[in-house]
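3D model of this:
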Amino acid sequence: MSRRRAGIIASSPVLVGAITTLIVILAVFLAYNANNGLPFVPTYRLSVEVPNASTLVRGNDARIGGVRVGLVESIVPIQDPQTGAVHAKVNLKLDKNVEPLPKDSTVIVRSRSALGLKYLEIDKGTSSEGWPEGSTLPLTVAHPKPVEIDQVLNTFDPATRKAAQGNLVAFGDALAGRGPDLNAALGELRPALDRLVPVARNLASPKTGIGRLFRALADTAAEVAPVAETQAQQWVSLESTFGAFAEVARPFIQQTISETPPTFDTLIRTAPRIRSFLGHSATLFADLRPGVKALSETSPTIAAALETGADVLPGAPEMNRQLAPTALALEAFAQDSGVKGGVRRSTQLFDLLTPALRFVAPAQSVCNYGTLLARNAQDLLSIGDGIGTAQRFLVMSAGQTDAFTGINAPNSENGPSSAPASSFTFEGNNYLHANPYPNTAAPGQTHECEAGNEPYAVGHVVIGNVPGNQGTKTEGQK
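Take a look at the predicted model:
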């Protein structure tokens, strides 16, 4: 019976065509929806927020470890209600065997080919907690920021390509004709590599702490990053500096570099002797410090003297030519017996005059009496007529008389007296005041200028200097 039915179906072209058409339609349907997942297959649906969908499209793969575990079902833009920033929400349709995805998992949008095809890579975590179906992974799980192929290609801009070309030319010139040297260098690398093995073993040891070094370098780079532009500007400025050095590189800098080693060798040999010299120099400059300080104060005077000397120096040769005969004449004069006798007698005279001069000199040097004497002597003969000058003088009464009787006071100097005037009358005092040798600040005297400064002692006879120091102030002193 069944064979009959099979034969009927096989013998019916319409029925065979209908079944074939149905199978083709089913195959086309499955092929068309293959990118969206097969129908009637259970799936694990999640949503992921990413900063930028980066040209992801519906149907792109979702992969874990390079293995396709699902696909992108749809992409929806989302705006942050607080900041207003816009990012993307990617709805995923994953295989059931991925469920549940650990909560410490991360995602990143990567390039699948150089033509721009992308896929969503899931870095599966190890957390015991997982995301339930229908959950949305927050924006914080989308890291690190991917590097696009166009960004890599854009680094090779015209300036970089030109610099790379220059480097290749320079490296080629440096290596050209040096094959034997390179072979010799490679042959010498074998001992170096043998010694490198224990070094590498020590670096690989956890006790070395090489991992901390790289973490510290990462922290250092993070600290340097904010000032990267400043450092870049520094290198730009250094380019100007080195450009200036390039102009004097040869022969000046080259000679400096070549002469430095022998200079250091000479310094090493002579340093012990130079050390003592430097020590004495330090002592010398320490002793010169007060003189230098005084020089700073007297430098205007020295400058004026140098300026005057500059005017005088042209006449110095003529003076030098006259010095020789002058010195010969002075030598003959000094050797003359008469001159020697005169010098001895002059020395004796000055020895005799020195005490007197020391006593008399303060009268002028301290009290200015010599100048005052000359001035007063000039004033004494300042009155004159057509015949000549006459002496000016004023007669002073040396004593007093009584206003009622007209009798001279006792021992008045108006007439003969038997004793110094020393009495009191109705009209006033009648006391003698005389000082024939006033103090002139001479050696052995009180340091004062008595003449012209002494006060009048009322009611006392004063012969000599008035008690007390009258000071050294006189008329005409500066």
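
where along the protein do the helices fall?
All helices of the chain, identified by DSSP state H, fall at 2-11, 13-32, 149-154, 158-175, 179-204, 210-224, 228-247, 254-312, 316-335, 337-365, 369-380.

Count the residues that sit near the closest residue to S418 other than its chain neighbours.
Closest residue to S418 apart from its sequence neighbours, by C-beta to C-beta, 6 or more residues apart in numbering: N411 at 6.7 Å. Any C-beta I mention is one placed from the backbone N, CA and C, and that applies to glycine too. N411 has 18 neighbouring residues, counting by other C-beta atoms under 10 Å.

With L94 instead?
For L94, the tally of surrounding residues (other C-beta under 10 Å) stands at 21.

Tell me the bridge partners for K89.
With DSSP bridges as the criterion, K89 is bridged to E49, V76.

residues near it, how many?
With other C-beta under 10 Å as criterion, K89 counts 17.

Repeat that for the one 10 residues further on.
Burial of E99 is recorded as 16 neighbouring residues (other C-beta under 10 Å).

picking up where we left off before, dump the helices of the chain to JSON lines, plus mean neighbour count.
Shown next, in JSON lines, are those (neighbours: other C-beta atoms under 10 Å):
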{"stretch": "helix 2-11", "mean neighbour count": "9"}
{"stretch": "helix 13-32", "mean neighbour count": "10"}
{"stretch": "helix 149-154", "mean neighbour count": "10"}
{"stretch": "helix 158-175", "mean neighbour count": "10"}
{"stretch": "helix 179-204", "mean neighbour count": "10"}
{"stretch": "helix 210-224", "mean neighbour count": "10"}
{"stretch": "helix 228-247", "mean neighbour count": "10"}
{"stretch": "helix 254-312", "mean neighbour count": "10"}
{"stretch": "helix 316-335", "mean neighbour count": "10"}
{"stretch": "helix 337-365", "mean neighbour count": "11"}
{"stretch": "helix 369-380", "mean neighbour count": "12"}
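
want to try CSV for these, with mean pLDDT as columns?
Output for the helices of the chain, formatted as CSV (pLDDT from 0 to 100):
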stretch, mean pLDDT
helix 2-11, 54
helix 13-32, 63
helix 149-154, 73
helix 158-175, 87
helix 179-204, 84
helix 210-224, 85
helix 228-247, 83
helix 254-312, 87
helix 316-335, 87
helix 337-365, 88
helix 369-380, 84
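
And those: which comes nearest P81?
Of all the helices of the chain, helix 149-154 sits nearest to P81, with 30.9 Å by C-beta to C-beta.

How far does that closest one sit from its chain's centre?
44 Å (C-alpha atoms, centre = their mean, to the nearest Å).

That helix - contacts with which helices or strands?
Other elements packing on helix 149-154 under the criterion 3 or more C-beta pairs under 8 Å, 6 or more residues apart in numbering; DSSP states H and E are absent; no helix or strand qualifies.

With just CA atoms, put it into CSV.
This file holds the C-alpha atoms of helix 149-154, laid out as CSV (Å, rounded to 0.1, in the frame of the first residue of the first chain):
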residue,chain,number,x,y,z
ILE,A,149,42.8,51.3,11.4
ASP,A,150,42.3,54.8,9.9
GLN,A,151,43.9,56.3,13.0
VAL,A,152,46.9,54.1,12.5
LEU,A,153,47.2,55.0,8.9
ASN,A,154,46.7,58.7,9.6
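
pretty sure D61 contacts I122?
No - D61 is beyond contact range of I122, at 10.5 Å (criterion: C-beta atoms under 8 Å).

okay, these two: which has more neighbours?
Per other C-beta under 10 Å, whichever of D61 and I122 has more neighbours is I122, with 24 against 18.

Which residue is the nearest non-sequential neighbour of that one?
In space, I122 is closest to I64, 4.9 Å off (C-beta to C-beta, 6+ apart).
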